[in-house]
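K.L.:
Provided below are the primary sequence and the corresponding predicted coordinates.
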Amino acid sequence: MRAAIYARYSSEACSPTSITDQIASCRRLAEKRGIEVLEDHIYHDDAISGARNDRSSLTALITAAQDGQFDAVLVDDLSRLSRSNLMTLHTVALFDSLGITILSAADNIDTSDERSKMLIPLQGMINERFLADLREKTLRGMKGRKNDGYFVGERTFGFESTPSEKVRLDNRGKEKPAGTLMRINEAEAEVVRRVFREFADAQSIFGIIKRLNEEGVRGRKNKVCRWSTQTIHTMLRNEKYKGIWTWNRTGYKRNPLTGKLRQYDKPKSEWDVKESPELRIVPEELWDRVQARLAEVQKTWPGGKRHGFQGARGNAVSVYPQELLSGAMVCGVCGATIVKVSGKGGGYYGCHRAAKHGCDNRIIVRKSVVEKVILGELTNRISNTDSLSYVFRRVEKMVAKEFAESPGAAKRKEDEYKKQRQMLDNLVVYIAQGRQSKAIEAALEECEKKVEQLGADLEFLGKCHTRLFKAPPKEWIEERVSRIKEVLELKTERSALLLRKLFGKIVTEPMETEDGLRYLRAKTTLKCLALLEKEPAPKDHSAFQGGVGAGSTTFRWRALEDSNLWPLDS
């Protein structure tokens, strides 16, 4: 008989010499049975679980068997083929259908012997139970570490794990840290805060990703230009950043046919939830703002399998506005959003539903005129530079008062810095006297890091007091107000959301004068504005055609320069 050999060990924690030992055991079995081992058919999978069936060497072994390149397969024991009973039976049945015998050295199993086949299901159950027991023991050990206040496999961007100062002896009698602790990585934490701030300030996720990648900001595993939408979405919902650490929330089950793992949610009774205020990165107010905006985004894109939009969902324009007035105006006839229905001539606004013949409000308005009238009204409201100067001066006083009345943050930092500095000096003296140990070295390293961090914090607080908010001069305010549209367009998304809060919902209603002149009346919380102009409409907008019969004239309307022609309601 010509035979192939298959060997496998399961994880990086196992010794690679296990492969050599298994092959040697198979060679002894071959010599005892008088079987020829084919040297070019020795297969092995390194550090791969026996519950998986996507092993490259096992696949190559099966392919070679289907080509009839050998008569038997030698393994050290049946668990090398698989730890899953179902997969073991499937593999044995597959080789049996090809007329290939499986010989197991440790189990003394020979699939060519019908009586030996009776042991295969039993041995498969034992191998599968071994894997389940190992999983349970591992989880029990991790729970023990959690009960002792340590962290187990919970490394997250923004944090770094450090070994505990306490030591324990392993099964070989060597000293090991009793567990792992977690602390904030300030460099990564600042990136997290930046992402939260920009998203809360109406920046799009794609814009955030683009800037992070362009600036070469290092992400998870210290890699550059690897930021993605999934990374940002996960970060914005991660409760660890507000100091809540939940462990054992999910588990994994393996598909018995494919061997692939599937994640599932465990019952809440099995969760390990711990509040750690000292590990909080994102302030409460910022966290709440981000979650509120995520809820708005979820209304627009509900995710998952969609069977139509149940209930009020919103739209992309209301979440990520591309124009200053995008999503801010609604049709007073049907309630649909007023959108940019054309890009020609700078663009035209009109009822979205009317474009689909679902509304009678077919008046369209030039974008530049809408912005001129509405933003002009805003300019008039805030053009009083004396009032604005007063507001800025009040803000300056409030900021100064806030810093002056802060509960001694700098003083506490300075006291802690002196304390840690004294402790560091004591440790240095202690080591200089020749009394040195691993625990002392670890304490010295930890103390040095604390001194360095506290020094940086003190320097930052010192700079804050020299960089407090100062009220700008009146000339600066007048210059900004005079070009308010240009200033707002520097950050369109943020400005658009701000304008919605300022104006509220802008309702546009079609109106008509006594001589048949049609126009739109825009009602806002500030003022009712008239948008009106007589001019032929673009020919390609048939959805907005008005009148009856051939030769009928259509119009688009924008505001007349003399808005006093029309009464403005409060």
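P.N.:
Yep, it's here.

K.L.:
tally of neighbours for N213?
P.N.:
Each residue near N213 was counted by other CB atoms under 10 Å, and the total is 15. (Glycine included, C-beta is placed from N, CA and C.)

K.L.:
Is it in contact with W227, as I believe?
P.N.:
Yes: N213 is within contact range of W227, at 5.4 Å (criterion: CB atoms under 8 Å).

K.L.:
sec struct for the most centrally placed residue in the chain, please.
P.N.:
Nearest to the mean C-alpha position of the chain, by CA atoms, centre = their mean, lies T234 at 2.3 Å. With DSSP: H, G, I helix; E, B strand; the rest coil as the basis, T234 sits in helix.

K.L.:
show me what contacts it?
P.N.:
Contacts for T234 were tallied using CB atoms under 8 Å, 6 or more residues apart in numbering; there are none.

K.L.:
pLDDT score for it?
P.N.:
pLDDT, T234: 90.

K.L.:
Distance check, it against A292.
P.N.:
18 Å (CB to CB, to the nearest Å).

K.L.:
cool, and L29?
P.N.:
In terms of CB to CB, L29 sits 68 Å off from A292.

K.L.:
quick one: which of these two has more around it?
P.N.:
The residue with more neighbours, out of L29 and A292, is L29; 20 against 10, by other CB under 10 Å.

K.L.:
secondary structure element for that one?
P.N.:
Element membership for L29 (DSSP states H and E) is helix 17-33.

K.L.:
For that helix, the averaged confidence score.
P.N.:
The model assigns helix 17-33 a mean pLDDT of 91.

K.L.:
repeat for stretch 113-131
P.N.:
pLDDT averaged over stretch 113-131 gives 82.

K.L.:
Backbone dihedrals for S342, please?
P.N.:
When quoted as degrees, to the nearest 10, the phi and psi of S342 stand at phi -150, psi 150.

K.L.:
mind listing what V330 touches?
P.N.:
Taking CB under 8 Å, 6+ apart, one finds A336, T337, I338, K505, I506, V507, T508 in contact with V330.

K.L.:
And for the second one, the neighbour number?
P.N.:
Yep, that's T337 we're talking about. A count of neighbours around T337, defined by other CB under 10 Å, yields 17.

K.L.:
State the pLDDT value of it.
P.N.:
pLDDT recorded at T337 is 83.

K.L.:
low pLDDT regions in the stretch 251-400 of the chain?
P.N.:
257-259, 300-320, 356-357, 382 (pLDDT under 70).

K.L.:
how long is stretch 213-220 from one end to the other?
P.N.:
Chord length of stretch 213-220, first to last residue, is 13 Å (CA to CA, to the nearest Å).

K.L.:
Go through it and flag the buried ones.
P.N.:
For stretch 213-220, the neighbour count (16 or more other CB atoms under 10 Å) marks V217, R218, G219 as buried.

K.L.:
so how far is the helix holding L29 from its chain's centroid?
P.N.:
With CA atoms, centre = their mean, to the nearest Å as the basis, helix 17-33 stands 49 Å off its chain's centre.

K.L.:
How about residues contacting that helix?
P.N.:
Helix 17-33 has contacts (CB under 8 Å, 6+ apart) with 1, 3, 5, 7-9, 35-37, 42, 44, 46, 74-76, 80, 103, 105-106.

K.L.:
Show me what secondary structure element comes after that helix.
P.N.:
Next in sequence after helix 17-33, counting helices and strands by DSSP H and E, comes strand 36-45.

K.L.:
And the helix or strand that that following strand is followed by, what does it pack against?
P.N.:
Where DSSP H and E defines the elements, the next helix or strand beyond strand 36-45 is helix 56-66. Here helix 56-66 touches strand 2-8, strand 36-45, helix 85-97, going by 3 or more CB pairs under 8 Å, 6 or more residues apart in numbering; DSSP states H and E.

K.L.:
If I look at H41, what pLDDT would I see?
P.N.:
93.

K.L.:
Enumerate every residue touching it.
P.N.:
A3, A4, I5, L61, A64, Q69, F70.

K.L.:
And for F392?
P.N.:
Residues in contact with F392 (CB under 8 Å, 6+ apart) are A471, P472, I477.

K.L.:
Thank you kindly, that will do.
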